[in-house]
Structures are given as C-alpha cells and as structure tokens.
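J.: Take this sequence and fold it.
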Amino acid sequence: MDAVLFDMDGTLLDSEPLIDISLIKICRELGIELTEIIIEQFRGCDSPTFWKYLISEFNLTLSIEECVLKETYGFVEEVKNNANLAPIEGVKELIDELLGFGIPLALASSSSRIKIKTILDIFGMQSKFRAKISGQDVERGKPEPDIFLLAAKSLNVNPSRCVVIEDSENGVKAAKKAGMKCVGFAGLEHNKQNLTSADLIVKSYSDLNIQRLQQLFDYS
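T.: Predicted coordinates:
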C-alpha cells in the first residue's frame, strides 16, 4: 500500500445531510421538489452532472455554472451555521496513524474547491492531505475513475497500490475502475448506498487500521 485516498462528504464528516438541506432549499426556490430518489441517484457525483440533469428534466433557465454557484454558497452557509458538524468518529485517528507510518494521503471529492477548502479549514485538516482533488479538476466525475487517477498521479504513486475510502456507490465504482482497492464506509445511519463492490465494508473507523488496509493487498 503506497497511498490512501479519502472521499470527503460522508467519509471524513457527516456533511451529506447539510448538502441535502441546501439542495432542497435551492430547488424549492427554483420550483422543484427534490425527491430522495434523485438525491440518492446522484450521491457522490459532481455538481455539474447533477445540475445538468435537473436543468434538462425541469427546463430550468439558469446555467449549470449559476446553479453550481448557488449550491456551493448554500452549502457553505449551512456548514458555518451548524456548530454540531464534526469529523466522523475515529477518522482523525486513522489519518494520524497512516501519516505516522509515512503513508501519503489525498482527498478526492466531487465537491468544489471552495467546499473542500471550507471543510478542511474549519477542522484544521489542510496539512493532512498532500493532494486535494475536487470535481472541478477533472473532465469526468464519479463513477468515472478520473478523480482517483489524478490523485494517484499527484502523489506519484501507482493506482494499483492505492486504497480509496468511500461512502457512495458512484465513488466505489470510480475506485474500482481506477484499479484501486476500495473500502466502503457504511457507518452513517442515513447511508442507503450499495457498497457491495468494495473490497471491504466497515461500519466504524475503529474497525480499520493500517494492518487491515495492507491486508487488502496481501490476500488479493
């Protein structure tokens, strides 16, 4: 194992409810009642893909860029107004353990650069990740592998020697398409994603350590 790549929303912190709240508010302003089916269908996807679908489906007059901007600032406001938002229990300990063994880390999230910076700044985690890749940095978002391949390239490691930690079906698919090992994190009660394509599924970060991640390669 030469590197570990983390998703952000639902993997580093339980921010997906805030994303959903901000999206529902924005969509209501635009005359759309956003359903749970649509939200789950696009879980883990990049914002432009999500808004391209809504613009086409509901004949919106706004551009993709305008919708993404509304979403970004809506989410940032939700984060700043939520004092209870915190990293998922055990994830900081896992990150520090990996760094202690010299394993380089990357953050590879479909979120925008502004969202990523806001989250990492609030929780003092900027220095933990050698590379930060956003959905804006690639042509194709998850479930395509581009974001994870760019993260591996940024760390100068072989994709086949990377482990991805993901909480969404689209993210797991992207990791496997990239030729990487993948851990599906299913520790949040509201997570309804199908993670069965992952090499390992855990419900708590207490079930995960460097030895267990290394075993994904030892027994493959």
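J.: In this structure, mark out all the helices, start to finish.
T.: Assigned by DSSP state H, the chain shows helices spanning 16-29, 36-41, 47-58, 64-80, 91-100, 113-122, 146-155, 169-177, 210-218.
J.: First-to-last residue distance for stretch 203-212?
T.: 14 Å (CA to CA, to the nearest Å).
J.: Quick check: buried residues in it?
T.: Judged by neighbour count using 16 or more other CB atoms under 10 Å, the buried positions of stretch 203-212 are Tyr205, Leu208. (Each C-beta comes from the backbone N, C-alpha and C, glycine too.)
J.: Now do it: distance to the chain's middle.
T.: For stretch 203-212, the gap between its own C-alpha mean and the chain's C-alpha mean amounts to 18 Å (CA atoms, centre = their mean, to the nearest Å).
J.: circling back to that earlier point, any chance of the helices of the chain in a markdown table, with mean pLDDT and distance to Val138 too?
T.: Written out in a markdown table, the entries for these read as follows (pLDDT from 0 to 100; distance: least, CB to CB, whole Å):
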| stretch | mean pLDDT | distance to Val138 |
| --- | --- | --- |
| helix 16-29 | 87 | 19 |
| helix 36-41 | 89 | 20 |
| helix 47-58 | 93 | 11 |
| helix 64-80 | 88 | 15 |
| helix 91-100 | 98 | 23 |
| helix 113-122 | 90 | 12 |
| helix 146-155 | 99 | 4 |
| helix 169-177 | 97 | 10 |
| helix 210-218 | 95 | 25 |
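J.: Comparing those helices, which comes out most buried?
T.: Most buried of the helices of the chain, by mean neighbour count (mean count of other CB atoms under 10 Å): helix 169-177, with a mean of 24.
J.: and the angle for that helix with helix 146-155?
T.: Using axes from the mean of the first three to the mean of the last three CA atoms, to 10 degrees, the inter-axis angle of helix 169-177 relative to helix 146-155 is 50 degrees.
J.: Report the inter-axis angle for helix 169-177 versus helix 47-58.
T.: If you take the same axes, to 10 degrees, helix 169-177 sits at 130 degrees to helix 47-58.
J.: Show me what helix 169-177 packs onto, helices and strands only.
T.: Identification of packing neighbours for helix 169-177 by 3 or more CB pairs under 8 Å, 6 or more residues apart in numbering; DSSP states H and E yields helix 146-155, strand 162-166, strand 181-185.
J.: which outside residues touch it?
T.: 5, 7, 42-45, 110, 142-148, 164, 166, 181-182, 184, 193-195, 197-198 (CB atoms under 8 Å, 6 or more residues apart in numbering).
J.: cool, stretch 119-126 as well?
T.: Applying CB under 8 Å, 6+ apart, the set of residues contacting stretch 119-126 from outside is 8, 12-13, 15, 79, 85-87, 92, 95, 107, 111, 117, 128-129, 132.
J.: can you do 7 Å?
T.: Taking CB atoms under 7 Å, 6 or more residues apart in numbering as the criterion, the residues outside stretch 119-126 that touch it are Met8, Leu13, Ser15, Val79, Pro87.
J.: wait, Phe101 sits on Gln211?
T.: No - counting by CB atoms under 7 Å, Phe101 does not reach Gln211; the two are 10.1 Å apart.
J.: From one end of stretch 86-97 to the other, what's the distance?
T.: End-to-end distance of stretch 86-97 (CA to CA): 19 Å.
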